[in-house]
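Asks: The following comprises the amino acid sequence and a computationally predicted model.
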Amino acid sequence: RQLQLGPGHLQRKQHAGLQQQQQQQHNQTPVLHVGEQVQVTCVRLGTGGVGVCLWGASRLVLLIQGALPGELLTACITAVKKGYAEGVKLATITPHHSAVEARCSHFGTCGGCTLQSLQYMSQLQHKVEYVQQLFVRIGKLSADDVAAARKEPAAALPELQYRYRNKIQLAFSTKVWRKTTNSDSDDSCGSAAGSTGEAVHQGRVVDGWGLGFYLPGSNSVVMPLQECHLVRPEANQVITAVRQVCQQVGLLPYDPSKGQGLLRHLIIRSASGAPSSTAVAAAASSDGFTSSSSSSNNAADGSGSTAKMQLMAIIVTTEACKSESLQPVADWLIAHCSGLVSVVHSMQTATTAASNGGPENPESFDSSIVLPSSTRQSITGRQRQTAGQRRSREQTSTSRSGAQALRLSSTKILAGVPYLTEQLCGLMFHISPHSFFQTNTYQAQNLYEQVIEAVRAYGNANNATVLDLYCGTGTIALCLARYCEQVQGFDVSASAIADARANADRNGISNAQYVCGDLNQVAEKGLLGRAEVVVVDPARAGLARSVVGYLLNCGAKRV
């Protein structure tokens, strides 16, 4: 009878049997629950440094904050989603072979340096592997082609593996995270102590006066910052001084639930300062480049003969705050903080303040639960776009909170100068309070040298028109200007474009033009024109679809 019914019937019957078997296996698979402890091995790193682990016979994907590849660990489940789960590390059973003790006392709670418990060179290696996986898994390129294009990581000098950031953004809040001991919490997962690379801290939320980073998973609760090892000691001193003087004069953080208070954010920016005329002449005579090591050493210690370190403090408030209220604060800070050359007052629009820090339902924030860390993401001062792409499970779990992209209604200089001065690739750049500039100055020079090398590889570069899309303050375009006939930069930020034009004039560059506009609209209207070489450096949302369409049809020889 089977033969009479034909092979199709047999295939359908086999398929039905397979489906039934798979369903039985699925029904037998243990179900994870929030608060449950599991033992897993991390197989690789995902977006934002989250550890990707596989659990059970079903190989369910677990995204574990604080887990390192090759590490056997105990984790607490914090969320169960369709097809995957999230958690935090409780204790290390078998550590990663390159595990180290984290330097920062905030590690694990802050969420900003998720790989601090891993040796620096090992961090770079895992990041390279992660990027390669993206090209193969998402970009659908062959593994051999990706491996052939690989270059060795641009490792920072030992003295610049910390203290390298030239910008830090903090938040004021009346909701403050306080660290507690195990006995203070009844959380079922608890908190394992003493393990290498431990990434879990217990705590609770209290009412108070807070200045620090947003706690991962929240847009209103802050972790009070004692010290950040990514910025210079002088920047940490300014943060401490702002906290003290604002409290002394009675200025309060904004409380969105009550509509009271004035203080919203604090941004500290730094720059190496203007070099002497001798240094500028030396840079100009060496094909426009300064030594990466010499410039970085000067930036690192701030005491070199060629430049003097500069700091800018930007206090962001609600629109109800008058600049006169902050003037005594600004005057005191300028007088007492070493290296501080500018204090700025910016007002955040009321609609943005409400959306970024609206009333948080106390029932939705359980202070007894250990929250997973996440990477703060900001597009401050850069081209704002709608991503439009489907986000992966890892992206979803690691980008839910963090530094907010600010929408400002006004900015006023309260004390000092209106900009910072930075030297990069032999050029001088003025950086206004909210203009984008690469946050790692030393590595920015390495990055730009790679861009210049790629552009010069185009055989006719000297006669080429080069477009710099998402140009910011014009740094890439100005570095390329000497190697091409004309360069045009585009960016949505009016202040960044103003800086770019001023920087071109300041450096005597006449073949660079800048246009302010939304690139999505500019590309849709066909206003970008043709170019032999195009450089794109978009914000984290990536390229707008219209820009992708332009790149495919513009006839550029190199992108």
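Replies: Right, received. Where do you want to start?

Asks: next structured bit after the helix or strand in which Phe213 is found?
Replies: Element membership of Phe213 [criterion: DSSP states H and E] is strand 203-214. Next in sequence after strand 203-214, counting helices and strands by DSSP H and E, comes strand 221-224.

Asks: pLDDT (mean, whole number) over stretch 175-191?
Replies: Averaged across stretch 175-191, the pLDDT comes to 64.

Asks: Adjust the sequence numbering to begin at 415 for everything that follows.
Replies: Let's use 415 as the start, then, which means that last one is stretch 589-605.

Asks: From the contact counts, what lies against the strand holding Phe627?
Replies: strand 581-593, strand 635-638, helix 647-662 (3 or more Cβ pairs under 8 Å, 6 or more residues apart in numbering; DSSP states H and E). For the C-beta atoms, the positions are set from N, CA and C on the backbone; glycine is no exception.

Asks: With mean neighbour count as extra columns, can I get those in JSON lines?
Replies: JSON lines is the format used below for the helices and strands packed on strand 617-628 (neighbours: other Cβ atoms under 10 Å):
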{"stretch": "strand 581-593", "mean neighbour count": "23"}
{"stretch": "strand 635-638", "mean neighbour count": "23"}
{"stretch": "helix 647-662", "mean neighbour count": "18"}
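
Asks: Quick one, which of those gets closest to Lys496.
Replies: Closest to Lys496 of these is strand 635-638 (Cβ to Cβ; 27.5 Å).

Asks: quick revisit: in the strand holding Phe627, which residues are buried?
Replies: Gly617, Val619, Trp623, Gly624, Leu625, Gly626, Phe627, Tyr628 (16 or more other Cβ atoms under 10 Å).

Asks: isn't the first one right up against Thr594?
Replies: Yes - with contact taken as Cβ atoms under 8 Å, Gly617 and Thr594 are classed as touching, separated by 5.4 Å.

Asks: Minimum distance to Asn934: which of the helices and strands packed on strand 617-628 has it?
Replies: strand 581-593 (25.4 Å).

Asks: And that closest one, how far out from the chain middle?
Replies: 17 Å (Cα atoms, centre = their mean, to the nearest Å).

Asks: how far off helix 647-662 does that strand point, in degrees?
Replies: On the basis of axes from the mean of the first three to the mean of the last three Cα atoms, to 10 degrees, strand 581-593 is oriented at 60 degrees to helix 647-662.

Asks: so what secondary structure elements neighbour strand 581-593?
Replies: By 3+ Cβ pairs under 8 Å, 6+ apart, strand 581-593 packs against strand 617-628, strand 635-638, helix 647-662, strand 677-685.

Asks: coming back round to it: out of the buried residues of strand 617-628, flag the one nearest to Val730.
Replies: Of all these, the one with the least separation from Val730 (Cβ to Cβ) is Leu625, at 12.0 Å.

Asks: Isn't that closest one up against Phe586?
Replies: Yes - using Cβ under 8 Å, Leu625 makes contact with Phe586 at a distance of 5.4 Å.

Asks: Report the set of residues contacting both of the two.
Replies: Val636, Pro667, Leu680 (Cβ atoms under 8 Å, 6 or more residues apart in numbering).

Asks: which residue sits closest to His510, ignoring its sequence neighbours?
Replies: The shortest distance from His510 to any non-neighbouring residue, by Cβ to Cβ, 6 or more residues apart in numbering, is to Leu482 (4.0 Å).

Asks: Just give the number of residues close to the one you found.
Replies: Applying other Cβ atoms under 10 Å, we find 29 residues neighbouring Leu482.

Asks: That one is in contact with Val464, isn't it?
Replies: No - the criterion here is Cβ under 8 Å, and Leu482 misses it with Val464 at 10.7 Å.

Asks: picking that back up, Asn876: which of the shared contacts of Leu625 and Phe586 is nearest?
Replies: Leu680 (45.9 Å).
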